[in-house]
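Trainee: how would this look folded up:
(one chain, ligands or ions: 1)
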Amino acid sequence: MMFQHKKQKLQLNIIALALLMMLTSLLVVISQNANAKNTEISTARQQALYNMVRQDCGSCHGMTLKGGLGSPLNPADLKGKSVDFITLTIMNGRPNTAMPPWNEIVTKQEAKWIAQQLKKGAFK
Ligand code: HEC
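Mentor: Got it, this is the predicted structure:
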């Protein structure tokens with residue numbers, strides 16, 4: 001009788017442990033999905049950023065980004081400049097120049113996306 005009782009308790013512990021493990025792995029999967037969502041920029045947001053670069057950045061850098069008040073931003077002009085450097089310039093602007101910081105309008109990830117697109121010459 002005593003032995004039977006102990007065995008049941010053990011089985012319950014195993015079931016509880018299994019449930020806990022399932023719950024933990026479920027939480028891991030959920031948080032991984034949430035992270036994956038954060039790392040991709042939606043098509044709609046990409047379109048909005050594209051328009052922003054053409055219009056807002058273009059107002060200083062020229063509609064074709066060939067330069068104006070702001071320096072030219074076509075791939076040949078950015079050749080020696082890394083994506084990280086361009087990303088930082090977009091986020092922080094250039095103190096004591098007309099280049100404003102964009103960190104309240106775009107995330108770092110979005111600034112990096114813009115930098116990559118500029119290097120590819122995507123804003124034709
Ligand atoms: C109000 C005018 C203005 C606007 C708007 C503007 N810029 Fe600029 N930007 C400048 C100026 C001026 C410079 C040159 C700064 C310097 O002398 O170093 C510059 C420099 C840069 C550089 C550095 C280029 C290099 O060769 O090092 C990048 C990249 C850049 N801008 C990207 C952008 C992007 C992307 C946007 C839009 C999100 C934008 N800028 C909007 C004025 C502007």
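
Trainee: show residues contacting stretch 65-73.
Mentor: Applying Cβ atoms under 8 Å, 6 or more residues apart in numbering, the external contacts of stretch 65-73 come out as 53, 57-62, 74, 77, 98-99, 118, 123. All C-beta atoms are positioned from the backbone trio N, CA, C, and that covers glycine.

Trainee: can you get me the start-to-end distance on that stretch?
Mentor: 5 Å (Cα to Cα, to the nearest Å).

Trainee: mind listing what Met99 touches?
Mentor: By Cβ under 8 Å, 6+ apart, the contact list for Met99 reads 60, 70, 89, 93.

Trainee: and the residue most central in space within the chain, which of the three is it?
Mentor: By Cα atoms, centre = their mean, the chain has its centre lying nearest to Gln109, at 3.2 Å. At Gln109 the chain is in helix, as set by DSSP: H, G, I helix; E, B strand; the rest coil.

Trainee: could you give the number of residues near Phe85?
Mentor: Phe85 has 12 neighbouring residues, counting by other Cβ atoms under 10 Å.

Trainee: where does it sit: helix, strand or coil?
Mentor: With three-state DSSP as the criterion, Phe85 reads helix.

Trainee: surely Asn103 touches Met91?
Mentor: Yes - at 4.6 Å, Asn103 counts as touching Met91 under the criterion of Cβ atoms under 8 Å.

Trainee: need the residues touching each of the two.
Mentor: Ala111.

Trainee: compare neighbour counts for the two and give me the winner.
Mentor: Met91 (19 against 13).

Trainee: in terms of helices and strands, where is the more buried one?
Mentor: helix 83-92 (DSSP states H and E).

Trainee: tell me the buried residues in that helix?
Mentor: Judged by neighbour count (16 or more other Cβ atoms under 10 Å), helix 83-92 contains these buried residues: 83, 86-91.

Trainee: ok, the residues you listed vs Gln47, which is closest?
Mentor: Ile90 (18.0 Å; Cβ to Cβ).

Trainee: residues touching the closest one, list them.
Mentor: Counted by Cβ under 8 Å, 6+ apart, Ile90 has contacts 102, 106, 111, 114-115.

Trainee: which ones among the residues you listed come in contact with the ligand?
Mentor: The residues of these that also fall near the ligand, by Cβ under 6 Å from any ligand atom, are 102, 114.
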